[in-house]
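*Asks:* build me a structure from this.
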Amino acid sequence: MEILGATLRVCVDDLEAAIPFYERLAGGTALRFERGGVQVAAVGCFLLMSGPAAALELLRKVAATIAVKDVEETHRVLTELGADIIAGPLPTQVGRNLIARHPDGTVYEYVDRGA
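*Replies:* Take a look at the predicted model:
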């Protein structure tokens, strides 16, 4: 399993107000999309999220998003190591993801940029 990097998840009240700060901080332009009623902007290593309180409450339970080379391989390794796969692997707009609870209780999202 190859980890390529991590993204910090930031829940914000006002996505439009937050984006310029993070674009300037990260030196890039936000990639915007919507998923499950939540507005999302990816800017550098930051994933900004804004939406209904119930959805954000659930998203706050995920510590970070970890980019991996292959979600299927990650699924196999996590399962072998005793992680609880909560969801996935599932297709997304940019690849595949899964959500796993590590044996210590921490929850992470794993994503790849698969076809």
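
*Asks:* and the next helix or strand past the helix or strand harbouring residue 20?
*Replies:* In this structure, residue 20 is located in helix 15-26 according to DSSP states H and E. Next along the chain after helix 15-26, taking DSSP H and E as the criterion, comes strand 31-35.

*Asks:* got phi/psi on residue 3?
*Replies:* Per-residue torsions, residue 3: phi -90, psi 130 (degrees, to the nearest 10).

*Asks:* the helix holding residue 20 packs against which elements?
*Replies:* Applying 3 or more C-beta pairs under 8 Å, 6 or more residues apart in numbering; DSSP states H and E, we find helix 15-26 packed against strand 38-43, strand 46-50. Placement of C-beta: from N, CA and C, glycine included.

*Asks:* compare these and give me the one nearest residue 17.
*Replies:* Closest approach to residue 17 among those (C-beta to C-beta): strand 46-50, 9.5 Å.
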